[in-house]
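Engineer: With the input below, show me the fold.
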Amino acid sequence: MGVPYQEVRNVSVHGRNWAGLDGALLRGERLISVLTDAVRHPAAIAQRLLEYGFDGYEMIIGEELDGVEERVQQMGLAEAAIRVFGELNCVLLWMPAARPPALGIADVCFEGLPGRPQMITKKVLRLAALSALELHRARVFWDIGACTGSVSIEARRAFPAVEVHAWERRIECAGILERNMRWLSAPGIEMHFEDFLAADVSGSPDAVFIGGMGGAGCDDGEDRCADGCRRGGVECGVGA
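Structural biologist: Just a heads-up that it's a prediction; the model follows:
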């Protein structure tokens, strides 16, 4: 391709989860080299990019490099997603055009609850809360009362290095949240569909957003989070 090596972001999914690749995609890296394995092979990588809307990439697959059956091919994600490749391979993802800025998703882009489409933390409140929580300094963020995922998705897209956990007790939100993640290109959110106040919670967040729990629930949630929050950043929202 004739591009400087230092412009390539190197990630590995060999014996690992998707976190490294997800982070590079969310940052909008234009050149990503991927070390693959038998599970996260080129077709699986292409399928994940298509599932989460990262369809602006082309794929270059090198097979049996330096071997007698060496082969290098360039193709679109749709073709790569249905192909079978040799076991020894590596992938280069190339995005010809830069993605638009990630911060500030329009409210109408989110799928809402049936009959309650306005039940969403609105864009202006999402951005204000995430700014107040200083997520650029955080490692772990909890979104409690996530509902259909507007805060979690906004945080995941804007701060790829942060581990985002979405807590929601209403199981009917599960499918909606997952579809919003895919539609709005926000892979890697850890989802917990249980009552946060009754859950056996482990770990310590750096920042917490509480929305959609009601007045007393918000107070109880804030009390439970305050002791474990490493930086003391807890914001209560009204979910609207």
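Engineer: now the helices for the protein?
Structural biologist: When assigned using DSSP state H, the helices of the chain occupy the ranges 19-26, 42-51, 77-80, 123-132, 150-158, 173-183, 214-228.
Engineer: Now those helices in JSON lines, please, with extra columns for mean neighbour count, mean pLDDT and distance to His165.
Structural biologist: The way it works is simple: take the backbone N, C-alpha and C, and place the C-beta from them, glycine included. As requested, these are exported to JSON lines (neighbours: other C-beta atoms under 10 Å; pLDDT from 0 to 100; distance: least, C-beta to C-beta, whole Å):
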{"stretch": "helix 19-26", "mean neighbour count": "21", "mean pLDDT": "95", "distance to His165": "14"}
{"stretch": "helix 42-51", "mean neighbour count": "20", "mean pLDDT": "97", "distance to His165": "20"}
{"stretch": "helix 77-80", "mean neighbour count": "18", "mean pLDDT": "97", "distance to His165": "29"}
{"stretch": "helix 123-132", "mean neighbour count": "17", "mean pLDDT": "91", "distance to His165": "15"}
{"stretch": "helix 150-158", "mean neighbour count": "26", "mean pLDDT": "95", "distance to His165": "8"}
{"stretch": "helix 173-183", "mean neighbour count": "17", "mean pLDDT": "95", "distance to His165": "12"}
{"stretch": "helix 214-228", "mean neighbour count": "15", "mean pLDDT": "55", "distance to His165": "12"}
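Engineer: Tell me which of those helices sits nearest to Leu88.
Structural biologist: Ranking the helices of the chain by proximity to Leu88 (C-beta to C-beta) places helix 42-51 first, at 11.6 Å.
Engineer: and that closest one, how far from the chain's centre?
Structural biologist: Mean-position distance between helix 42-51 and its chain equals 15 Å (C-alpha atoms, centre = their mean, to the nearest Å).
Engineer: contacting residues around it?
Structural biologist: 13, 18, 21, 25, 34, 36, 55, 57, 59, 61, 77-78, 80-85, 89, 91, 93, 182, 187 (C-beta atoms under 8 Å, 6 or more residues apart in numbering).
Engineer: angle of it against helix 19-26?
Structural biologist: When axes from the mean of the first three to the mean of the last three C-alpha atoms, to 10 degrees is applied, the directions of helix 42-51 and helix 19-26 differ by 40 degrees.
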